[in-house]
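J.: Got a sequence here, can you build the structure:
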Amino acid sequence: MDKISIKQALLDLLYVDVHLSKVAQDFPNLKPITDYLLESNFIDDEDKPWPSLKSISEATGIEYSTTRTSVRKIHELMFPFMDTPYLNFSNTKFELEIHKFGVSHYMVLDSLPVIPKVGENIQLPFLKAKFQTDDFYVQRVNHYFFRDTQYIQLTILGGDYNLYRNFRKDEGLL
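T.: Coordinates of the predicted model:
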């Protein structure tokens, strides 16, 4: 097994905390720790400090070394090398970030039938009053996963996509 930071493993588990109850069903000995992480809601409460192994050990009454071993075990169960029976990202949210000459607009959509790719042109006639144009293109597509949701972020800029300009820009960055 590769050496992993237990502190980082604990933080990883907080980002998928809604799935921890599935682990607790299959492994009752890990239930006190999973329950503590679920009930404390560390991600949503900005005033609450993130948990440490010591604070988990004190709150659950489990010995520190056992807490450390249990967190490592939960992490191994949640993020195995191949298939994971515990993770399921069943929801999707689309975040559109639209920019043109200092004017910005942000939208969150629950569904989008087709995800546009980088460089594809988009017409948004419902934003013409705000941007003075309805011609846009996709500059970047980014995916991130949080709890049980996959977020797809689209950065959309005003104008037309210029393949040559972007090729030269990428070449310069390289």
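
J.: make it CA atoms for all contacts and neighbour counts henceforth
T.: OK.

J.: all helices for this structure, in order.
T.: With DSSP state H as the criterion, the chain has helices at 6-15, 20-26, 31-40, 53-60, 64-78, 128-131, 163-173.

J.: want to throw those into JSON lines with mean pLDDT and distance to residue 147?
T.: Below are these laid out as JSON lines (pLDDT from 0 to 100; distance: least, CA to CA, whole Å):
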{"stretch": "helix 6-15", "mean pLDDT": "86", "distance to residue 147": "6"}
{"stretch": "helix 20-26", "mean pLDDT": "84", "distance to residue 147": "10"}
{"stretch": "helix 31-40", "mean pLDDT": "84", "distance to residue 147": "11"}
{"stretch": "helix 53-60", "mean pLDDT": "85", "distance to residue 147": "21"}
{"stretch": "helix 64-78", "mean pLDDT": "87", "distance to residue 147": "12"}
{"stretch": "helix 128-131", "mean pLDDT": "84", "distance to residue 147": "34"}
{"stretch": "helix 163-173", "mean pLDDT": "82", "distance to residue 147": "33"}
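
J.: Tabulate those (CSV), appending distance to residue 106 and mean neighbour count.
T.: Converted to CSV, those look like this (distance: least, CA to CA, whole Å; neighbours: other CA atoms under 10 Å):
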stretch, distance to residue 106, mean neighbour count
helix 6-15, 24, 17
helix 20-26, 32, 16
helix 31-40, 31, 17
helix 53-60, 38, 15
helix 64-78, 33, 17
helix 128-131, 12, 13
helix 163-173, 24, 10
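
J.: Redo these as CSV? Include distance to residue 119.
T.: Supplementary listing: these in CSV, determined by distance: least, CA to CA, whole Å:
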stretch, distance to residue 119
helix 6-15, 31
helix 20-26, 39
helix 31-40, 41
helix 53-60, 46
helix 64-78, 36
helix 128-131, 19
helix 163-173, 8
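
J.: can you tell me which residue is nearest the centre of this structure?
T.: Per CA atoms, centre = their mean, the C-alpha nearest to the average position across the chain is that of residue 145, at 2.9 Å.

J.: returning to that earlier point: for residue 121, which of the helices of the chain is the nearest?
T.: Comparing the helices of the chain by their distance to residue 121 (CA to CA), the top pick is helix 163-173, with 11.9 Å.
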